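>>> Model the following, please.
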Amino acid sequence: MSETVYGPVTDWATDFDHGSPAYAANQHKIWDDLKNSGCPIAHTERYGGTWLPLTHEMVHSIAYDTDHFSSEGPVVGQLKPSEVPDRIRAPIGPVPPISSDPPFHNEARRLLLPAFSPKMIDPWRDEVIEICNKLIDDMGDADHIDAALQYSQHIPVMVIARMLGLPVEDGDKFRGWVNLVLSGIGEERTEERMQQFMEFNEYLAYHVNDHKENPREDLISFLLNAEIFGEKLSLEHAVGTVILLLIAGIDTTWSGIGSSLWHLATNSVDRRRLVENPDMIPTAVEEFLRAYAPVTMARVVKEDMEFHGVQMKKEDWVLLPFPAANRDDKQFANAHEVVIDREENRHAAFGLGIHRCLGSNLARLEMNVAVEVFLQRFPDFSVDANEMVTWSTGQVRGPRTLPFVVNARA
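I've put the predicted structure just below:
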């Protein structure tokens, strides 16, 4: 992706662009430089006005403050929520419950919790193992692989499609729509992109209606049987939640898997420790989540207000960079170091406040299995020095390409 419609960044403190490829490639250094220069909260006029707080204290404060910050816009766009035609307004929002405000949020989230409990997620482990091994089998005997395009990007797609009851063979469509929603925020709002959004909605509406006529044992049928305030979910609510589960269940997890593998490809000591001590993998995965947390959420300022000395305006965007909160030295010892046996690790990779990720059990399962199987099959691998690792832009950061040299197989 080239620069966004706003052009190159002139000053990261006053003109940042989180949709810029430069931001994706150098995110951690940009944050460090801002904080070291005495700028704990950056601002830009791009996207109609956006704030970027960088300390754990600020991110925590905003995430828990539902009185002053609305969740109606979890993804920053070129249009403010009030400017989007036919948008479902707060407190419901277009993709409940992550776009929902209290009190509606409480019920919209509660109805999903049983579907993502450990009791429901743990039985998927064998299937995820099978998926991971099949993806590696399909690589054949090649010494050069792309661990993103051939591995990490497929695992959550195949899992969430099966959970929702959507055709697994439509994986390429799902990946395209994920990119459209999350990585294309700064691109021209062309008729082609609008058409793709319509196709996405129509596709999901078709499958939700098909589930109405042909009920089955999956998440879409679960949603259609669920009730909120004593009534069945509306079609808009059901489709919006499916969009959320599809988007959130894919990009966040494949980014987490990819970042973990990238770390192991560039840190031979850590890789060997995990190969020799696979029981350390769950602890290491928590550290990968902390150090390379993929998700930055957003809030919308409800009314003009002052926050830590800055003047926020009604409908300004506020980004919540959970990865930056995870690298705050006031919150974590040696925050900038990746310590794969870190004992105390209350990271914010799954968010803070009322919208903490309800799919965390599934994400952890997929990440643990993906890393475990990859190390079992490829105990020695490294980044191909002749190729370039590329990173996604927008509010979910992870490797889009991971060119590896396979040095040993098991």
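>>> Specify the beta-bridge partners of A42.
In this entry, A42 is beta-bridged to L52, by DSSP bridges.
>>> how far away is it from A408?
A42 is 44 Å from A408, where distance means C-beta to C-beta, to the nearest Å. C-beta here means a position set from N, CA and C on the backbone, and glycine is covered the same way.
>>> neighbour-wise, which of those two wins?
The residue with more neighbours, out of A42 and A408, is A42; 23 against 10, by other C-beta atoms under 10 Å.
>>> Does the more buried one touch V9 like I think?
No - using C-beta atoms under 8 Å, A42 is not in contact with V9; the gap is 10.6 Å.
>>> Identify the contacts common to these two.
Residues touching both A42 and V9 (C-beta atoms under 8 Å, 6 or more residues apart in numbering): F16.
>>> Show me the shaky parts of the protein.
1-2, 190 (pLDDT under 70).
>>> For it, which segments count as helices?
21-36, 56-64, 104-110, 118-121, 125-137, 155-164, 171-178, 191-213, 219-225, 235-266, 268-276, 281-291, 322-325, 360-377 (DSSP state H).
>>> what about those, which gets the closest to V396?
V396 lies closest to helix 235-266 among these, at 4.7 Å (C-beta to C-beta).
>>> how about that closest one: buried residues?
Residues 237-265 are the ones in helix 235-266 that count as buried (16 or more other C-beta atoms under 10 Å).
>>> got it, and stretch 35-43?
Buried-residue list, stretch 35-43, by 16+ other C-beta under 10 Å: K35, C39, P40, I41, A42, H43.
>>> Tell me the one among those residues nearest to L52.
A42 (4.2 Å).
>>> Contact partners for the closest one?
Shown in contact with A42 (C-beta under 8 Å, 6+ apart): W12, A13, T14, F16, L34, W51, L52, L54.
>>> Narrow those residues to just the buried residues.
For the contacts of A42, buried by 16+ other C-beta under 10 Å: W12, A13, F16, L34, W51, L52, L54.
>>> In the residues you listed, find the pair that's most separated.
W12 and W51 (13.2 Å).
>>> thinking again about what came up before, E344: which of the helices of the chain is closest?
Of all these, helix 281-291 comes closest under C-beta to C-beta, at 10.3 Å.
>>> That closest one vs helix 360-377, what angle?
Inter-element angle recorded for helix 281-291 and helix 360-377: 120 degrees (by axes from the mean of the first three to the mean of the last three C-alpha atoms, to 10 degrees).
>>> Helix 281-291 vs helix 235-266, what angle?
Here the directions of helix 281-291 and helix 235-266 differ by 110 degrees (the same axes, to 10 degrees).
>>> for helix 281-291, packing partners?
Applying 3 or more C-beta pairs under 8 Å, 6 or more residues apart in numbering; DSSP states H and E, one finds that helix 281-291 contacts helix 235-266, helix 268-276, helix 360-377.
>>> Ok, which of those helices comes nearest E83?
Per C-beta to C-beta, nearest to E83 of the helices and strands packed on helix 281-291: helix 235-266, 18.8 Å.
>>> which residues touch the residue nearest the centre of the chain?
Residue closest to the average C-alpha location in the chain (C-alpha atoms, centre = their mean): T252, at 2.9 Å. T252 makes contacts with P294, V295, C357, A363, V396, as judged by C-beta under 8 Å, 6+ apart.
>>> Buried deepest among the helices of the chain, which one?
Highest mean neighbour count among the helices of the chain (mean count of other C-beta atoms under 10 Å): helix 322-325, with a mean of 26.
>>> hey, C-alpha coordinates of that one in CSV?
Below are the C-alpha coordinates for helix 322-325, written out as CSV (Å, rounded to 0.1, in the frame of the first residue of the first chain):
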residue,chain,number,x,y,z
PHE,A,322,-2.9,-1.4,23.5
PRO,A,323,0.5,-2.3,22.1
ALA,A,324,1.9,1.0,23.4
ALA,A,325,0.3,0.5,26.8
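>>> N179: neighbouring residues, count only.
Per other C-beta under 10 Å, the neighbour tally for N179 reads 17.
>>> list the contacts for the residue nearest to Q395 when sequence neighbours are not counted?
Among residues not flanking Q395 along the chain, T296 sits closest, at 4.4 Å (C-beta to C-beta, 6 or more residues apart in numbering). The neighbours of T296, taking C-beta under 8 Å, 6+ apart as the test, are H18, L319, L320, P321, F322, P323, Q395, V396, R397.
>>> In this structure E72 contacts V84, no?
No - applying C-beta under 8 Å as the test, E72 and V84 come out as separate, 9.9 Å apart.
>>> follow-up on the earlier one: closest to I160 out of the contacts of T252?
Among those, A363 lies closest to I160 (C-beta to C-beta), at 10.5 Å.
>>> Could you report the separation of that closest one from I257?
For A363, the distance to I257 equals 9 Å [C-beta to C-beta].
>>> K314 too?
39 Å.
>>> Next, find the distance separating the closest residue to P102 other than its chain neighbours from E169.
Spatially, and ignoring its direct neighbours in sequence, P102 is nearest to T66 (5.5 Å; C-beta to C-beta, 6+ apart). T66 sits at a distance of 40 Å from E169 (criterion: C-beta to C-beta).
>>> And these two? Which one has more around it.
Using other C-beta under 10 Å, the more surrounded residue of T66 and E169 is T66, with 19 against 8.
>>> pretty sure the more buried one contacts I354?
Yes - applying C-beta under 8 Å as the test, T66 and I354 come out as touching, 6.5 Å apart.
>>> what sits opposite S70 in the beta ladder?
In this entry, S70 is beta-bridged to V300, by DSSP bridges.
>>> Who has more neighbours out of E72 and V84?
Neighbour totals were compared for E72 and V84, and E72 leads with 25 against 14 (other C-beta under 10 Å).
>>> who touches the more buried one in this structure?
P81, R89, A90, G93, S99, D101, V300.
>>> roughly how far is stretch 194-211 from the heart of the chain?
Relative to its parent chain, stretch 194-211 has a centroid offset of 22 Å by C-alpha atoms, centre = their mean, to the nearest Å.
>>> Sorry, slip of the keys, the one I care about is stretch 283-292.
Chain-centre distance of stretch 283-292: 15 Å, with C-alpha atoms, centre = their mean.
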